[in-house]
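Colleague: Dropping the sequence and predicted coords here.
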Amino acid sequence: MPGANAGGLAPWTVNTDITVRETYNDNPGLAPAGREEHDFITEITPGLRMSGSGPRLRGYFDYRPSLIYYAHGTSEDRFLNRLTGFGTLEAVDNFFYIDANASITQDYLSPFGARPADVTISTPNQLETRTVGLSPYVRGALLRDYSYELRYRKLWTTTDRSELGNLDSDYWTGRLASQIRLFGWALEYEASKIHYEQFTAQPDRETRLARARLYFQPDYAWRFTASAGREENNYRSLGSMEASDMYGAGVTWAPSNRTLADVQYEERFFGPYRLARFNHRTRLTAWNVTYLRDISDFQQEALRLPPGFTLPLVDAIFRARIPDPIERQEAIEQFYRNSATPLFLSSSLAFYTQQIVLQERLEGSVRIIGVRNSIGFSAFARKSNRFSEGLTGILPDAFLQRDELKEKGFGAYADHKLTPFTTISLTGRRTFATRDEPSRLESRNDFVALTLNHSLSPNTNAFAGVSYTGVRDELPTVVNREANSVYVGLTHRF
């Protein structure tokens with residue numbers, strides 16, 4: 001699992017598995033009441049995972065394609081891809097490095113409409129996003145007291161919708177910094193360009209900034225920061241660059257490796273940038289809260305993990321119990337297999353837009369793991385405002401005819417170990433999306449699943465359960481769509 005082994009050398013491993021699930025669903029196309037059609041659905045998902053860390057190369061690769069077959073033809077048979085991959089090559093000792101990443105995610109065209117958690121439910125709102133990145137950089141030390149890094153990053157993003165077009169982006173960053181004893185400093189430079197390959201009428205989005213930071217650290221737990229600089233971009237002016245000053249301050253409190261609090265403020269071209277976060281863990285619990293106000297775009301959102309990512313919290317709890325990273329990774333993988341804990345308590349929030357978006361979001365998660373029981377809860381709220389000036393009428397852009405979108409929701413999970421080999425779990429999710437102008441629009445997605453998971457052998461798990469999916473749209477008339485399913489399946493690790 002990504003991030004389960006955060007550091008140190010680890011042996012290279014290759015793991016393969018396959019999951020076969022058979023589902024009966026009374027409305028897999030999410031048709032309105034009176035037009036439902038039932039179907040038997042077969043889902044076959046092979047998995048390939050490679051991970052390891054050596055003296056020069058470390059990486060992680062997890063690919064899971066799903067073949068979905070509808071016996072009665074209520075929907076078209078589909079092939080869904082899910083990929084997470086990243087790696088770092090130390091090409092020249094302590095100097096030249098190359099980072100690479102790749103991802104395939106299942107996102108959505110619009111925040112309004114169906115966003116089902118069950119992949120066997122078909123919706124025209126679904127969007128497969130593919131991103132590949134390459135980042136060479138040099139990094140090192142000067143005279144022992146200073147460090148530097150110069151980095152270039154290239155990202156390419158495509159989708160499975162030919163009418164949307166592709167986009168690529170270039171990022172340049174540079175940093176020169178002193179060691180922080182009582183005081184420290186850093187000089188930073190950033191530049192980026194986003195290019196829309198198939199739509200020449202949409203201008204490239206460019207930005208550049210230079211910033212200086214001053215650090216004050218009176219003891220190991222407290223660090224204070226002040227910053228000032230200047231930046232320019234063409235987000236508002238459709239071609240010409242507009243410049244503005246920037247300044248800010250921040251404070252970080254880390255009294256131990258179990259607790260972190262961080263608050264940052266910076267006056268930027270879009271108004272105040274704000275970041276506040278708090279993380280804490282014990283032997284039984286872990287929780288985090290994050291608030292952020294910043295600029296974003298579709299490419300960044302497609303790479304952002306959905307709210308309720310359970311792995312960091314599970315890893316934090318196991319870190320208090322198992323210090324060795326390799327042993328901890330094995331224990332975490334065993335926990336996920338036996339408990340059927342989902343990696344995410346929310347579906348992806350990424351939706352398609354060619355606009356630069358000013359985003360304000362708040363997320364919080366908590367996880368408790370006992371001997372026989374574990375629970376998790378996550379909640380989020382997000383407001384997105386179109387910031388850039390540009391064309392929105394030529395594509396199915398989420399900001400067509402609207403400048404502000406609001407989303408909120410929660411996810412919950414609980415499991416109970418009935419026997420050493422059998423676990424029962426309950427998962428629930430709810431997501432709202434609203435807009436107020438030019439007319440009121442609201443969409444709600446619900447998902448509930450009850451699953452029984454049984455370990456047949458160290459390499460084989462069987463599961464069975466029931467689930468409910470509901471979508472409620474007010475457009476402005478109310479349309480309800482519901483689907484109920486019964487499923488049984490098997491996962492085997494080779």
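Modeller: Structure's in. What do you need? Note that the structure is predicted; figures quoted are calculated from it, not measured.
Colleague: What residue in this protein is the furthest from its centre?
Modeller: The outermost residue of the chain relative to its centre, with distances by Cα atoms, centre = their mean, is residue 143 at 38.8 Å.
Colleague: For the stretch 351-494 of the chain, which segments are assigned as helices?
Modeller: Remark: no helices are assigned in the stretch 351-494 of the chain by DSSP state H, counting those that start in this stretch.
Colleague: Number of residues surrounding residue 321?
Modeller: Residue 321: 12 surrounding residues under other Cβ atoms under 10 Å. Placement of C-beta: from N, CA and C, glycine included.
Colleague: mind listing what it touches?
Modeller: 283, 331 (Cβ atoms under 8 Å, 6 or more residues apart in numbering).
Colleague: For it, grab phi and psi.
Modeller: Here is the backbone geometry of residue 321 (degrees, to the nearest 10): phi -100, psi -30.
Colleague: And it, how far from residue 284?
Modeller: According to Cβ to Cβ, to the nearest Å, residue 321 stands 9 Å off from residue 284.
Colleague: now residue 140
Modeller: Using Cβ to Cβ, we find residue 140 at a distance of 42 Å from residue 284.
Colleague: for residue 114, same thing?
Modeller: Distance from residue 114 to residue 284, counting by Cβ to Cβ: 37 Å.
Colleague: more crowded one of these two?
Modeller: A direct count of neighbours by other Cβ under 10 Å for residue 114 and residue 284 places residue 114 higher, at 22 against 14.
Colleague: And what about that one, helix, strand or coil?
Modeller: Put simply, residue 114 is coil when judged by DSSP: H, G, I helix; E, B strand; the rest coil.
Colleague: Touching, it and residue 481? I think so.
Modeller: Yes - using Cβ atoms under 8 Å, residue 114 makes contact with residue 481 at a distance of 7.1 Å.
Colleague: For the residue minimising distance to the centre of the chain, which non-adjacent residue is closest in space?
Modeller: In the chain, the centroid-proximal residue (Cα atoms, centre = their mean) is residue 305; its distance is 0.6 Å. Of all residues not flanking residue 305 in the chain, residue 344 sits nearest, at 7.2 Å (Cβ to Cβ, 6 or more residues apart in numbering).
Colleague: residues contacting the one you found?
Modeller: By Cβ under 8 Å, 6+ apart, the residues touching residue 344 are 305-310, 411.
Colleague: So for the helix or strand bottoming out on mean pLDDT in the chain, what gets flagged as buried?
Modeller: Sorting the helices and strands of the chain by mean pLDDT, DSSP states H and E puts helix 325-339 at the bottom, at a mean of 85. By neighbour count on 16 or more other Cβ atoms under 10 Å, the buried set for helix 325-339 is 325, 328-329, 332, 336-339.
Colleague: so how many other residues sit close to the nearest residue to residue 413 once chain neighbours are set aside?
Modeller: Distances taken as Cβ to Cβ, 6+ apart put residue 376 closest to residue 413, at 4.5 Å, once the chain neighbours are dropped. For residue 376, the tally of surrounding residues (other Cβ under 10 Å) stands at 24.
Colleague: so how far is residue 290 from the residue nearest to the centre of the chain?
Modeller: If you measure residue 305 against residue 290 using Cβ to Cβ, the figure is 12 Å.
Colleague: Same check on residue 97?
Modeller: Distance, residue 97 to residue 290, by Cβ to Cβ: 28 Å.
Colleague: and what of residue 319?
Modeller: Distance from residue 319 to residue 290, counting by Cβ to Cβ: 19 Å.
Colleague: How are the strands of the stretch 1-150 of the chain distributed by residue range?
Modeller: 10-25, 39-53, 57-63, 66-70, 78-80, 83-92, 96-108, 126-142, 146-159 (DSSP state E, counting those that start in this stretch).
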